[in-house]
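Enquirer: Sequence and computational prediction follow.
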Amino acid sequence: MTERSSSMKESQGSSIREAWLLCLVLGLIMINFPFIHIFNTEQFIFGVPKLVLYFFIGWPLSIVVIWFFVRYMGNGSQNTSTILEDKSDP
Amino acid sequence: MISAKNVLFMSMISAKTVLLVSLGYFALLFLVALYAEKCRKTGTCLLKNSHVYSLSLAVYCTSWTFYGSVGKAATSGLEFLPIYLGPTLIAFAWWFLLRKMVLISKQQNITSIADFLSSRYDRSTVLGAIVTLFAVFGITPYIALQLKAIAQTLGILSMPLTSPSTGLYDYTSKLPGSIDIAFFVALLLALFGMLFGARNLDASEKHEGLVVAVAFESLVKLVAFLAVGIFVTYGLFDGFIDIFQQFYEQFPERRDLLLLGTEQTPYTKWFTLIILSMMAVMFLPRQFHIMITENTDEKHIKSAMWKFPAYLFLINLFVLPIALGGLIINGGDTTQADYFVLTLPLSSGHPWLALLVFIGGLSASAGMVMVSSVTIATMVLNHLVMPIILKMNIQAQNISGLLINIKRLGILGVIFIGYFYFKLIGSSYALVNMGLISFAAVTQFAPAVIGGLFWKRANRKAAISGISLGFILWFYTLLIPSFVRSGWLSSDILQNGLYGINLLKPLELFGLRGFDIYTHSLFWSMLFNLAAYLTLSFFAKQTEAEEIQAEKFVDIFVEQAPQQSKLKRISKAPTVMEFVELMSKFIGEKPAQAAITEYLSNQEIDARGNLSDHEIPNLKSFTERTLAGHVGAAPARIILENYLEARGSEMEDVFDIFGTVTISHASSREQLSVLYDAAQIVSSEEDFQKTLDNILELLAQQFKFDLCVIRFLEPESMTLMVKSLVGSSSEHFGQFERNLNMDTYIGQAFLSNSTTVVNDADFIEKTLSAKHVKRDGITCLAHTPIVFEGEPVGILSAFSKTTKGIFTNEFIALFENLAGQVGIAWRNDQQLQKLLRGREQEREMQIARDIQKTLLPSNLPNLDNIAVAGLCVSAHQVGGDYYDFIERDNSSYDLIIADVSGHSIGSALIMAETRTFIHARMESIKQPAEMLSALNGYFLKDLDRSDLFVTMFYLQYNPVNHRLIYGNAGHNTPLLWKNRERKIVTLDTEGMIFGIKSDITFEQKATDLEPGDILLLYTDGIIEAENKDKVFFGIERLGKLLEESDDLTPQELIDRIMTQGRIFTGMRHFNDDITLVVMKVLK
């Protein structure tokens, strides 16, 4: 392997790592105070309490995000940032 | 809708059925495990399946999840959720966190979380023991909780809550004393753990049976929970919305359950629970075991990253509906909330569904108990028992059998400690909250693990202090209060603090008020833990070994420099077999043999079947790693240290030959500079001896050798003679020549044409050498052949009396390179000598040639009646051709052409002799035939002794009467151009080459010449000149040239013949001497 390609791989590896770290931090924010305070009301949406709905929609969505991410990693060479912009964890 | 009345008439399943189904389920688990083991043996490892890995991770969900989540949701609302949101979040970090841990563990053969920490921090025994103790404290009660769940659910299932006198107790009442059904469950689980979790000692090996069984259990508990969830949500109620609506209608005062930031679940607690669960899913010993130790493929992490959170999501999907549904059905009664999943199907008349749920719960408990017991037993064996065993210094040949039995005993022990916990304090507050308390316990490992992964400076002291302080704070702020609530301690300490000091109240430490118990505990324990960890990491110094270990962890993704271990050597190193014996003692003979075979297949082994001196440290590391896989890193280190110490061997720093530290770039620069100096010496104009002395001087000075010697082979005596020597001479090593045989190292180096090295004179194999080495106090030595064109011509040797182990592979390369430089110097010298000899010879030849030239007539006379020209071209410096033109008194001329065979000095001497003879006898011998006879007589005795022979054509021309008389001694017949007749005749007479026979008569003939006639004498050089087709120039061509050139002067004719000859051969030079003599009659 040439030096160039290995350093490219390295930078790709670290950008993936940073992307994961970003998701982790975003996730931590989204399921904690004060963010969840937004949903912490007695309102019902489709007959389900808002907060419960938030968690039970946001949770599978974040799993889908991981799934996409993992698939992207497996397939290779797209730019990481496009995935990040698509990410819409509630 | 179901009325509250119905609850009282719950259907029931006979205890017999429950027991049979449970036993049947256990039998199924054993079969699954056995099947997995069988698959492994046939090569289709089920662990290679990423689904199995993801499912087995769900060992995270214990009965605490299975039953407890619903209970929690019914009493505290959304508080159950963070326990599963946390793991989902941390899954984002698996790609760089878990993957790194897996890679490291594989490389280091790590067996448990305690091993991981101990291994990272200088393979510390103390740290391993602390972590193990911590884990035992934190986890064993958790096992009790699982056993309790099994016992309780068994009871609920087989006995209506309303009539405690029937059902299961019918069976168990017959058993003596405290033994009950949970006892048998514990026994079964222990048996399972011993069979599939301690098959052999190698804990780093995979346990297919155990893991596949756990994965199977995960599947069962998910299916069971989903089944009851769907049943409650869509069977008893009309979907999610219906449940929420009914709940809000019936219990408007409990709507807080579905909110956060309430008194019950403040945001801080929520946050704390998320952090605790994030850490727990990584660092709980059973999670560590399943996630890391049992991982077979890095790729499984990728798929588990979403599959495991998806599993958690599914198993939590129906928690709220079941909890709220249970509240609605039970009229808001939460006393049995923990078992809603079981009681709801029972009370609604679906005992088989309840049975399925029971099996699911059994799975959740069993999985946790099995894995936890195996991991804790491994930790206890490796970090608590092994250090003691090693202290006892058991001398037995093989204690692997003992060790594996201790491990099995450990599994049994852990489970039964759990069982007795359950019997003693089964219903206490401490036990019920044990789940979260154990989460908080393992969270204390987080700084040391994560810091250890990414921060090289994190060190042993920091980790020990951090974890210990965390442990103390955890104990004080979490366990003490729960002990008080269980009634084991007086509440005085909670009220007034330790020794009545207010600031030391366990729940309001240092006056921190207003937080729930978990947040309060997490804050203080983490504060002290982190503070100690960070501070000491900054200020405490790492040992060298610790630094290396830290690098192995932090830089796992970075290519390791292969040089590292080469800078160490082991004095009095054990042999390969001794390492195998050592391993056999602890892991059994077969595994040891298998391990070493695999290792050696990747190593270069020298001709004697030994590893090179610098491979031994690698073998030592390998042995340590292999042992670590069985007994843990810290004990493995101790085993090897003790072993080497007992032998008197020790790891020592290799004498730093290049005066710099270990960086290879720097050392290669030094290396280059030495080689550069050597090259300078070689290319200098110094004489050979001086060059050799200078090179040795350089070698001795740069590397502090006590003696350096260069020997060259004396081809006649076949001995190695000392040519140069620098340093303190010793009687033996410096002086004498050496015979060539394999008994000495020097002989071996020469004969095998390879470098021989003795790095430690204490371990010398050749007895002959050993004697001298000992006497002269040599500690290490090396011989390398000086090679020219692949053949050894000499030996470069270096001896040290002070240091051992100088000759690293790196240095040997340099040493050989120096020998190569000496070889170049030798070659230069050889060539110079040759050149000098050649020059000398050439000068002599030049003289000979000059002399020979003067023997030929230098300028032929200008005569009126004839014109004469001659040419003699020697193919080499000197030749054997001769021609002469001599004027006699009677105004006749003698023309002689002769050819002595060969072109050597000998030929030239004979030629000179011939000339001298002729000139001397000129006066007395008048006739050609006479002269030839006389020469023959003269040469007869001389030529006989050499291989040479002489041919000659002798003519005598008298211009007065135009008479030409001639005789031939075997020479080429001259050509005569008869101008008037315009034809060529050849002149020939009877005769024979000189020196063959004594009594031969030379015939003499005569002919008359006329003006215009041309006589051409020649030697075979011209007619036998070959072109590239191997065709001779020949007499015909020569004759034709003569025919065509009758108008040319003799000189012009000779020039033309030479030109044509060159054109014919296509070469500037001829291979043979060429002599041409032309005489033209003018008048």
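Expert: Structure received.
Enquirer: So which helix or strand of the chain has the lowest pLDDT on average?
Expert: Because you didn't say which chain, this covers chain A. Least confident helix or strand of chain A, by mean pLDDT, DSSP states H and E, is helix A:80-86 with a mean of 35.
Enquirer: nope, chain B please
Expert: Going by mean pLDDT, DSSP H and E, chain B bottoms out at helix B:169-172, a mean of 46.
Enquirer: Following element in sequence after it, please.
Expert: Later in the chain than helix B:169-172, the nearest helix or strand by DSSP states H and E is helix B:181-197.
Enquirer: and that next one, which residues are buried?
Expert: By neighbour count with 16 or more other C-beta atoms under 10 Å in any protein chain shown, helix B:181-197 contains the buried residues B:181-186, B:188-197. (Each C-beta comes from the backbone N, C-alpha and C, glycine too.)
Enquirer: Out of the residues you listed, which is nearest to B:N393?
Expert: Closest to B:N393 out of those is B:M194 (27.9 Å), distances taken as C-beta to C-beta.
Enquirer: Need the nearest residue in space to that closest one, chain neighbours excluded.
Expert: B:R408 (4.4 Å; C-beta to C-beta, 6 or more residues apart in numbering or on different chains).
Enquirer: Report pLDDT for B:F733.
Expert: The model reports B:F733 with a pLDDT of 61.
Enquirer: what's the answer for B:Q287, then?
Expert: Reading off the model, B:Q287 has pLDDT 93.
Enquirer: next one: A:M8
Expert: 49.
Enquirer: nearest residue to B:L57 other than its sequence neighbours?
Expert: B:L57 sits nearest to B:F308 (C-beta to C-beta, 6+ apart), 4.7 Å away.
Enquirer: list the contacts for the one you found?
Expert: Contact partners of B:F308, counting by C-beta atoms under 8 Å, 6 or more residues apart in numbering or on different chains, are B:54, B:57-58, B:87, B:91.
Enquirer: and it, what element?
Expert: Assigned by DSSP H and E, B:F308 falls in helix B:298-317.
Enquirer: if we can go back for a sec, tell me which of the contacts of B:F308 is nearest to B:R963?
Expert: So of those, ranked by how close each gets to B:R963 (C-beta to C-beta), first place is B:S54, at 127.1 Å.
Enquirer: What pLDDT does the model give the residue lying closest to that closest one once chain neighbours are set aside?
Expert: With C-beta to C-beta, 6+ apart as the criterion, B:S54 has its nearest non-adjacent residue at 3.7 Å, and that residue is B:K307. Per-residue confidence (pLDDT) for B:K307: 92.
Enquirer: B:K307 contacts B:N49, doesn't it?
Expert: No: contact criterion C-beta atoms under 8 Å: B:K307 and B:N49 do not qualify, at 11.6 Å.
Enquirer: Neighbour count for these two, which is higher?
Expert: Each of B:K307 and B:N49 has its neighbours counted (other C-beta atoms under 10 Å in any protein chain shown); B:K307 has more, 23 against 17.
Enquirer: show me what contacts that one?
Expert: B:50-51, B:54-55.
Enquirer: That one and A:I57, how far apart?
Expert: 20 Å (C-beta to C-beta, to the nearest Å).
Enquirer: Now the helix holding B:F308: buried residues?
Expert: B:300-313, B:315-317.
Enquirer: how about the residues of chain A near chain B?
Expert: A:13, A:16-17, A:20-21, A:23-24, A:27-28, A:31-33, A:36-37, A:40, A:42, A:44, A:46-49, A:51-52, A:55-56, A:59-60, A:62-64, A:66-67, A:70, A:73-74 (C-beta under 8 Å from any C-beta of the partner chain).
Enquirer: can you list the residues of the stretch 101-250 of chain B near chain A?
Expert: Counting by C-beta under 8 Å from any C-beta, the stretch 101-250 of chain B sits next to chain A at B:240-241, B:244-245.
Enquirer: Show me those that map onto helices.
Expert: B:240-241, B:244-245 (DSSP state H).
Enquirer: distance between the ends of stretch B:793-807?
Expert: End-to-end distance of stretch B:793-807: 22 Å, with C-alpha to C-alpha, to the nearest Å as the criterion.
Enquirer: From the chain's centroid, how far away is that stretch?
Expert: With C-alpha atoms, centre = their mean, to the nearest Å as the basis, stretch B:793-807 stands 27 Å off its chain's centre.
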